[in-house]
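J.: Please find the sequence and the predicted model below.
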Amino acid sequence: MKLFIRPKICISLACFLIICCSCIDVRYPAKGKPVVLRDNTYFVFGRVQVIEDNVDVTRDYCDPMSFSLSTDRLLSFTLLDLETRKVSLTVIAENNGSFYWILPGGFFRIINIKYRTDVDPYLAFKVNGANKYIYIGNIVLKSESNIVPHISLRQHKATLKTEFSEADITVEDDFIFETNELKARFPNVTERVTKELMFTNYDK
């Protein structure tokens, strides 16, 4: 019996394989399960926080159960390995903003954060060395709302609309708290945890 595969399917499959082969291998360790690190892999962790009008609304953007059209889209990251030029598929945080990733060794840059619109924070971090557990800091996205007039061409009338300013992005150091959270979540982690905070990187 001969199998006939359409050319379009072959092309789509080939494109999919190329994309997969050029992607960063990111794994998400399950809560309470033993953490297993292969050769040249590292456990990277931290947190993202979304502050709007001085109110922490992180869960609105990170918790799928809280997602609605009013919050636009779920917050996610895209990573670029500056050494291999590989790019990650969508990388996510947990519903409280914390993230725990197992990554290969390398020099990474966060090239995109989906928050209302696509934001490039120009943040980079290095994953290497003898210590396998690395805290890279807390990313804080702060924005303020503003009421502006909005003219509807369809209804031919002006209304008021809430717009948010471009996010101010900073990296904060909450090493002790986040390390305690890590060890409560993964009791088998007894190795030393190091701190290598993200830093600004303008290499495009």
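T.: Here it is on my side, so go on.
J.: Off-centre distance for stretch 102-111?
T.: Remark: stretch 102-111 is offset 11 Å from the chain centroid, using C-alpha atoms, centre = their mean, to the nearest Å.
J.: Just the CA trace of it, in PDB.
T.: Output of stretch 102-111 as PDB, limited to C-alpha atoms (Å, rounded to 0.1, in the frame of the first residue of the first chain):
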ATOM      1  CA  ILE A 102      15.600  24.500  33.000                       C
ATOM      2  CA  LEU A 103      17.800  25.900  30.300                       C
ATOM      3  CA  PRO A 104      21.000  24.900  28.500                       C
ATOM      4  CA  GLY A 105      24.100  26.900  29.300                       C
ATOM      5  CA  GLY A 106      24.400  30.000  27.300                       C
ATOM      6  CA  PHE A 107      24.000  33.800  27.100                       C
ATOM      7  CA  PHE A 108      20.300  34.700  26.800                       C
ATOM      8  CA  ARG A 109      18.400  37.900  26.100                       C
ATOM      9  CA  ILE A 110      14.700  38.400  26.600                       C
ATOM     10  CA  ILE A 111      13.700  39.900  23.300                       C
END
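J.: Quick check: mean pLDDT of stretch 115-133?
T.: Average pLDDT, stretch 115-133: 90.
J.: Pull up the distance across that stretch, start to finish.
T.: With C-alpha to C-alpha, to the nearest Å as the measure, stretch 115-133 spans 27 Å from end to end.
J.: Would you indicate which residues of it are buried?
T.: Tyr115, Arg116, Val119, Pro121, Tyr122, Leu123, Ala124, Phe125, Lys126, Val127, Lys132, Tyr133 (16 or more other C-beta atoms under 10 Å). All C-beta spots, glycine's among them, are computed from the backbone N, C-alpha and C.
J.: how far does it sit from the chain's center?
T.: Worked out by C-alpha atoms, centre = their mean, stretch 115-133 lies 8 Å from the chain centre.
J.: and if you look at stretch 80-91?
T.: 12 Å.
J.: And for stretch 131-149?
T.: That offset, for stretch 131-149, works out to 11 Å (C-alpha atoms, centre = their mean).
J.: List the buried residues for it?
T.: Lys132, Tyr133, Ile134, Tyr135, Ile136, Gly137, Asn138, Ile139, Val140, Leu141, Ser143.
J.: contacting residues for the residue nearest the centre of the chain?
T.: Nearest to the mean C-alpha position of the chain, by C-alpha atoms, centre = their mean, lies Phe77 at 3.0 Å. Going by C-beta atoms under 8 Å, 6 or more residues apart in numbering, Phe77 touches Ser88, Thr90, Val91, Ile92, Ala93, Phe99, Ile110, Asn112, Ile113, Lys114.
J.: and it, what helix or strand is that in?
T.: strand 76-81 (DSSP states H and E).
J.: All the strands of the protein, residue numbers only.
T.: 41-52, 55-56, 76-81, 91-92, 98-104, 106-115, 117-119, 123-127, 133-143, 145-152, 157-164, 168-172, 193-195, 199-200 (DSSP state E).
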